[in-house]
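Chemist: okay, sequence plus prediction incoming.
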Amino acid sequence: MMDAYTEAVVIRLGIAILLALGYWITAATGKFSFGHAAFMSIGAYTASILTVKFDWSLETSMLVSGLTAAVAGAFIGWIALRLTILYLAIITFAFAEIVKILLDSWDYAGGASGLFGMRGTTPQLLAICIGVVIVYLFFLTRSRKGLSYEAIREDEQAARACGLGVTRISVEAFAVSAAITGVAGALSAHETLIITPAQFGAPQSLLIILFVVLGGVQYFWGAIVGAVVLTMLPIWFDFLEEYYQITYGLLFVALMILRPQGIVGSGTERRFTMRALARLSPKRGKADGDG
Amino acid sequence: MADLQLRALDITKHFQGVAALAEVTLEVERGSIHGVVGPNGAGKTTLLNVMSGFLPPSRGVVELDGRDVTRLAPQKRVPLGLTRTFQNLRLFGGLTVRENVLLGQHSRARTGFLSLWPLRTAAEKELDRAAEHALEAFGLTEYRRRRAATLPYGLQKQLEIARAVSAKPRLLLMDEPAAGMTAKERLDLVPRIRALRDEGLTVVIVEHDMEVIGAVCDVVTVLNFGRKLVEGAPKVALASAEVRTAYLGT
């Protein structure tokens, strides 16, 4: 049996892993969302309302929250994914802020003071969710579907020339990513036992991005490594007290200089690296030069 | 009545008021190799982009096998049998040579969520075999596991053609396939294009290299300043006074 502290750490770790794996799916198509906390909050609130106000089981509520987040993801993806990476960043960020403001003013869900009354979750349930996602990713990365994700990330025009429906595939990946993030949000709400809109702001979105960027996006298990490291660092560096933030920041800078491809990854140009984030420039136009 | 596979009728394309193409009509006969030539800025690539769906025309109609495809996205033209290569190579450089060819088969393959199921159907095994054949036909088998970006330029050109052909198109649009090739590679390209035609493919080829054009094309259309200058058999069209004036200014 785990003691309460260890169990809390394990659950927190599991939620971080689930968030990282969910984000990895959209990152695999080269689409960076800067508002994934919105899908987390949609999942968290959907599940919490269902368990607290309607007395549903966490398992069923969790599935519904995944579905709700997927619908929201498909909607926002359909609007934003046809745009350049810069506009995608702006729209996803704005979407997260709008969701936060709406939750703040939604009295039924507790408004700014939050929603409580959840009954907790278990490491076993989390382990099952992570297991399902890992199996999915294992087969995805060995399939033609996974290959089409990589192709879109590499060159959208060439992907179109090969017959790939770039928008449809990207939206689909985004929706699956949002669904997993929504489930992670549901489990997170049942771990913290109280949720407020403030928990799902820009810092949470950034943390999810960092899991994946730090771990490396070449392989999906890089995202797991990133999530573990970023969740455990505050615990490992606890003894540094007020110097913790500085050390944490310096470590991050050093890592990005020494291993821009993340902790896991070969550093070849295959699949993508931090450089993808640097490509935040509008680029859309003619298929080719004229001759 | 000629059996036309592709018709681009009265295509006009403006870029910020400047006409890159002005009422150009191109009729491509099934099973032919149709060359499009012209000096720099003549509008050759623009025409190819319009025909492949990468650019919408300002005016005009594109028909593929009698069907109006003018507003159809490029990826939706692929299942109808139209693929293309690019003037500046657009390979998936970070992916392997084999993966590039597999992506060329996208419109023929199962790519839904069911495709994640690890057991391969007979059709999927057949596609895998077709990919291996394509690699072999283009001399790429030994490089199949290498990242496309690491191949020499000539082989990258071959790979782009192999990828386009893997969609099993009926019409292939090639944008300057000989550009950047060595003399020997250019020499190898001619029988390669002829072989594609012999396999039943119609080819439209935009090219600067007149030797290649003269050697492979059945018909040549010469463009200049976005207008059609001459059309006909290569020897006749390329020798005409208008073409000499356009190219040499004399």
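Modeler: Here it is on my side, so go on.
Chemist: domain ranges for chain B, per the record?
Modeler: For chain B, the structural domains run B:1-81+B:169-250, B:89-166, going by automatic domain parsing.
Chemist: figure out which of those domains is closest to residue A:256.
Modeler: Proximity to residue A:256 (C-beta to C-beta) singles out domain B:89-166 among the domains of chain B, at 20.2 Å. For every residue, glycine as well, the C-beta is placed using N, CA and C.
Chemist: chain B: strands as residue ranges?
Modeler: In chain B, the strands defined using DSSP state E lie at B:4-15, B:18-29, B:33-37, B:59-64, B:67-68, B:82-84, B:171-175, B:202-206, B:219-224, B:227-232.
Chemist: starting at the chain centroid, how far to the third one?
Modeler: Computed by C-alpha atoms, centre = their mean, to the nearest Å, the separation of strand B:33-37 from the middle of its chain amounts to 10 Å.
Chemist: what helices or strands is that strand leaning on?
Modeler: For strand B:33-37, the packing partners by 3 or more C-beta pairs under 8 Å, 6 or more residues apart in numbering or on different chains; DSSP states H and E come out as strand B:18-29, helix B:44-52, helix B:183-198, strand B:202-206, helix B:210-216, strand B:219-224.
Chemist: hmm, who's touching that strand?
Modeler: Applying C-beta atoms under 8 Å, 6 or more residues apart in numbering or on different chains, the set of residues contacting strand B:33-37 from outside is B:26, B:28, B:44, B:47-48, B:193-194, B:197, B:202-208, B:210, B:213, B:216-223, B:234, B:238.
Chemist: adjacent strands (with direction) for that strand?
Modeler: Strands that pair with strand B:33-37, judged by DSSP bridges, come out as strand B:202-206 (parallel), strand B:219-224 (parallel).
Chemist: kindly report the same for the fifth one.
Modeler: Strand B:67-68 has the following strand partners under DSSP bridges: strand B:59-64 (antiparallel).
Chemist: now the partner strand, how far from the centre of its chain.
Modeler: Worked out by C-alpha atoms, centre = their mean, strand B:59-64 lies 17 Å from the chain centre.
Chemist: residues of stretch B:60-74 that come out buried?
Modeler: B:60, B:62-65, B:69-70, B:74 (16 or more other C-beta atoms under 10 Å in any protein chain shown).
Chemist: swap in stretch B:131-145?
Modeler: Buried, per 16+ other C-beta under 10 Å, within stretch B:131-145: B:131, B:134-135, B:137-138, B:140, B:143-144.
Chemist: tell me if it is near chain A.
Modeler: No: using C-beta under 8 Å from any C-beta of the partner chain, we find that stretch B:131-145 stays clear of chain A, coming within 11.0 Å at best.
Chemist: again with stretch B:7-20
Modeler: Yes: using C-beta under 8 Å from any C-beta, stretch B:7-20 reaches chain A at residue B:20.
Chemist: can you pull the poorly scored residue ranges out of the chain?
Modeler: I went with chain A, as the question did not name one. A:1, A:266-291 (pLDDT under 70).
Chemist: I was thinking of chain B, sorry if that wasn't clear
Modeler: B:1, B:248-250.
Chemist: nearest to chain A among the buried residues of stretch B:131-145?
Modeler: residue B:131 (11.0 Å; C-beta to the nearest C-beta).
Chemist: contact partners for that closest one?
Modeler: Going by C-beta under 8 Å, 6+ apart, residue B:131 touches B:98, B:101-102, B:105, B:166.
Chemist: let's see it at 6 Å
Modeler: Counting by C-beta atoms under 6 Å, 6 or more residues apart in numbering or on different chains, residue B:131 makes contact with B:101-102.
Chemist: quick one on the thing from earlier: reformat the buried residues of stretch B:60-74 as a markdown table; add distance to residue A:84.
Modeler: As requested, the buried residues of stretch B:60-74 are arranged in a markdown table below (distance: C-beta to C-beta, whole Å):
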| residue | distance to residue A:84 |
| --- | --- |
| B:60 | 28 |
| B:62 | 27 |
| B:63 | 32 |
| B:64 | 30 |
| B:65 | 34 |
| B:69 | 26 |
| B:70 | 26 |
| B:74 | 18 |
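Chemist: list just the nearest of these to residue A:57.
Modeler: Distances from residue A:57 to the buried residues of stretch B:60-74, taken by C-beta to C-beta, are shortest for residue B:74, at 47.6 Å.
Chemist: can you count the residues close to the closest residue in space to that closest one that isn't next to it in sequence?
Modeler: Of all residues not flanking residue B:74 in the chain, residue B:53 sits nearest, at 3.7 Å (C-beta to C-beta, 6 or more residues apart in numbering or on different chains). Residue B:53 has 24 neighbours, counted by other C-beta atoms under 10 Å in any protein chain shown.
Chemist: return the backbone torsion pair for residue B:53.
Modeler: Residue B:53 adopts backbone torsions of phi 90, psi 0, taken as degrees, to the nearest 10.
Chemist: was I right about it contacting residue B:75?
Modeler: No: at 8.1 Å, residue B:53 does not count as touching residue B:75 under the criterion of C-beta atoms under 6 Å.
Chemist: thinking again about what came up before, would TSV of the domains of chain B with distance to residue A:54 be doable?
Modeler: Converted to TSV, the domains of chain B look like this (distance: least, C-beta to C-beta, whole Å):
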stretch	distance to residue A:54
domain B:1-81+B:169-250	43
domain B:89-166	30
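Chemist: which of the ones you listed sits closest to residue A:161?
Modeler: Judged by C-beta to C-beta, the one of these that comes nearest to residue A:161 is domain B:1-81+B:169-250, at 6.1 Å.
Chemist: how near is the most far-flung residue of chain B relative to its centre to residue B:110?
Modeler: Most distant from the centre of chain B: residue B:119, at 34.6 Å, with distances by C-alpha atoms, centre = their mean. Going from residue B:119 to residue B:110 by C-beta to C-beta, to the nearest Å gives 12 Å.
Chemist: what sits against residue B:103?
Modeler: Counted by C-beta under 6 Å, 6+ apart, residue B:103 has contacts A:151, A:162.
Chemist: can you tell me how far it sits from residue B:136?
Modeler: 18 Å.
Chemist: next one: residue A:36
Modeler: The value you get for residue A:36 to residue B:136, if C-beta to C-beta is used, is 44 Å.
Chemist: what do you get for residue A:179?
Modeler: On the measure of C-beta to C-beta, residue A:179 and residue B:136 end up 42 Å apart.
Chemist: what's the burial count for the residue nearest to residue A:240 when sequence neighbours are not counted?
Modeler: Distances taken as C-beta to C-beta, 6+ apart place residue A:247 nearest to residue A:240, at 5.6 Å, with adjacent residues excluded. Using other C-beta under 10 Å, residue A:247 has 12 neighbouring residues.
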